[in-house]
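S.K.: pasting the sequence and the predicted model now:
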Amino acid sequence: MKNFRFALVCLVMVCCAGVLTAQELIPTPVEVSYKGKKKVKIEQVDAKVDASLNLPEEGYTLEIKGTTAVLRAKTAQGLVWANATLAQLKDEDGLVRIAKIKDYPAFPIRGFMHDTGRNFRSVENLKKDIDLFSAYKLNVFHWHLTDNPAWRIESKCYPQLNDPKYCPAARNPGKFYTYDEIRDVIKYAKERGVMIIPELDIPGHSQYFWTIFGCYMESEKGMKILDKLFAEFFAEISAEDCPYIHLGSDEVRRKMKDAEGFVRYYEQFLAKHNRIPLVWDPGIKPSSTTVCQIWNEAIKNSIAENKTYKNPYVDSYMGYLNHSNPVNNMHRHFLHQMCAAEKGTDRALGGILCLWNDVRLASEEQLFPINGMPLVMLPFAERAWVGGKGYGLTYDMLVPGPENQGHHDLVAFEKKLAYHRDHQFKDVDCHWVANAHIPWQVTIPAAQGTKMEDMKWEKAYGGSVNLHAFAKAHEGNTGKSRIAYLKTEIYSDEDREISAWVSLETPSRSTRRSAGIGEQGEWETGGKVTINGEPVVPPTPWKEPGMYSYHFSTYKYPDIQNLAWTNEQLFWMREPAKLKLKKGWNTLLIEAPLHYSTPFWYVSFSPVEVGKDGRWTEVKGLQYR
């Protein structure tokens, strides 16, 4: 990654300081040692950049000497990360244990992408997000600024691009970023060790462009317009502030006479303005030096098998945050081996975690909770910083059993995560509890009508089991009409009632494909849940029973895509169900039918309770087998 000068920020941005030991830091440092359990009050921070240090570019050291925290880093950016670590180490009283840390990242690009082209996000919230990225050592903010509904960049040469009359009413018409605001965000991010990569998505994802100009981007007229738009952007935003530009180039759903020639032209256009291009892959084929951001699992599998890819590349195939559900995403991002490599190379550059707003948001405040943020970002931050050999998993969307080290590492990481939830994010509405340890017996999915006693049982783990992946792993039924059963046993030391998030399906949140809300008194897909033979029912009467059933991808249906999510459609957002446990062992049985084709067939169960602070936490005193 190119060298950049970053302004030092000595005030590190975290949501709330907790009582962390070095072993609880996220991401985990490379080297850590203690001197006893004594804590001291930090009265002085001695922070310096020392370019002669034998460390990678973003590396740093941290040592507590008496009441002084001594921070050294090879670059100003590394000093930002040293301060972030120090902030995590401090407890509520500003005390830290006497620790010595040496640390540096495995990958040079560790990023997060917001899709503001579809749903606008205010500068105020973007800055809060950048604070979060910096606190967990993400160094790139990929800013997706244009898409089918809108062009979110101020345009002086074509002001009609900012005219609200061209933007769909459901997609924040009239909302865009002025150049002053863009420069302000870039400056704010740079001070916090974060580089901005803007994306101007061409020539696909450009319905808005067509609506205004009446031509495709690759036409002669369209390219003249694009030339002016890019030239204006480069005149307003310097190459020093913004060295990378993302050209998009994916999902061009029309035939082009010379698609590769179009991309080559804009690669050269960027080069003339001292910018480095990125594109999506799959997408229009770029030149061999352009950085490719890979989003497709087929390419992922090829890289994992062959360990080769000719272009420099960034991993975004670990799963989008608006796919799957936060429980499964948490597991998958931790178990995923970034770039199919132990650490960065001249080609394997790192990863960018993507959050697409394909379905309309009811409000900006809805974005993080429905996608499991901020907690689901933390396993990605861990993997991008620490790297590692991986766990040899064919299906990283399934939690491995105790025979695989990944199981034990994931369970241990969830304890870290719970600590950060309770101490670093006290003011954040976090809908997650540790769950990777929950064991299941699961029947291999078969055609509906197959009797449970005729089905074969296999083991599974975690609070959300991907039955589609489970079927593929065990050569089960992956068709439209199938059924599976899940069973676990729960031990309680007394008769009591507990709460649990329960769901028999997760909607695809990139589209609205799902069975919808259950009929009144029933679960999604018409399945059944019992505890000791007694039915477990949805917690409250559905407000919209039977609604939002779409057994197909709704991506091309804007009227459906513009229906915002409601809490009762997402199991982690709605009220938990009630289960009555007897003293001793209790049998939970879930019957999970599916009546249409989807890869998002998840059955989810996580016991939860409200803690003393009024926030969700783990139910204490339960055992499983």
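M.R.: Looks like it arrived, so ask away.

S.K.: so Leu229 sits in a strand?
M.R.: No - the assignment for Leu229 is helix, going by DSSP: H, G, I helix; E, B strand; the rest coil, so no strand is present there.

S.K.: got the CA positions of stretch 309-320 in PDB?
M.R.: What follows is stretch 309-320, C-alpha atoms only, in PDB (Å, rounded to 0.1, in the frame of the first residue of the first chain):
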ATOM      1  CA  TYR A 309      -4.600 -14.500  -8.800                       C
ATOM      2  CA  LYS A 310      -2.900 -12.300 -11.300                       C
ATOM      3  CA  ASN A 311      -4.000  -8.900 -10.100                       C
ATOM      4  CA  PRO A 312      -3.500  -7.300  -6.700                       C
ATOM      5  CA  TYR A 313      -6.700  -8.100  -4.900                       C
ATOM      6  CA  VAL A 314      -8.900  -7.200  -1.900                       C
ATOM      7  CA  ASP A 315     -11.100  -9.800  -0.200                       C
ATOM      8  CA  SER A 316     -14.800  -8.900   0.000                       C
ATOM      9  CA  TYR A 317     -16.000 -12.400  -0.500                       C
ATOM     10  CA  MET A 318     -16.100 -13.300   3.200                       C
ATOM     11  CA  GLY A 319     -19.800 -12.300   3.100                       C
ATOM     12  CA  TYR A 320     -21.700  -9.000   3.000                       C
END
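
S.K.: buried ones in that stretch?
M.R.: 309, 311-320 (16 or more other C-beta atoms under 10 Å). Placement of C-beta: from N, CA and C, glycine included.

S.K.: which of those fall in strands?
M.R.: 313-315 (DSSP state E).

S.K.: I'd like the residues you listed as CSV, with pLDDT and distance to Pro105 appended.
M.R.: CSV is the format used below for these (pLDDT from 0 to 100; distance: C-beta to C-beta, whole Å):
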residue, pLDDT, distance to Pro105
Tyr313, 95, 17
Val314, 96, 14
Asp315, 96, 14
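
S.K.: in JSON lines, list those along with distance to Glu382.
M.R.: Shown next, in JSON lines, are these (distance: C-beta to C-beta, whole Å):
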{"residue": "Tyr313", "distance to Glu382": "21"}
{"residue": "Val314", "distance to Glu382": "18"}
{"residue": "Asp315", "distance to Glu382": "14"}
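
S.K.: Glu494: neighbour count?
M.R.: 9 (other C-beta atoms under 10 Å).

S.K.: and the nearest residue to it once chain neighbours are set aside, how far from Gly533?
M.R.: Nearest non-adjacent residue to Glu494, counting by C-beta to C-beta, 6 or more residues apart in numbering: Lys583, 5.3 Å away. Per C-beta to C-beta, to the nearest Å, Lys583 is found 17 Å from Gly533.

S.K.: likewise for Ala76?
M.R.: From Ala76 to Gly533 the distance is 64 Å (C-beta to C-beta).

S.K.: the more surrounded of the two?
M.R.: Neighbour count, other C-beta under 10 Å: between Ala76 and Gly533, Ala76 has more, with 18 against 7.

S.K.: quick one: pLDDT of the more buried one?
M.R.: pLDDT, Ala76: 96.

S.K.: can you check the one 10 residues further on too?
M.R.: Confidence per residue is given as pLDDT, and for Leu86 that number is 96.
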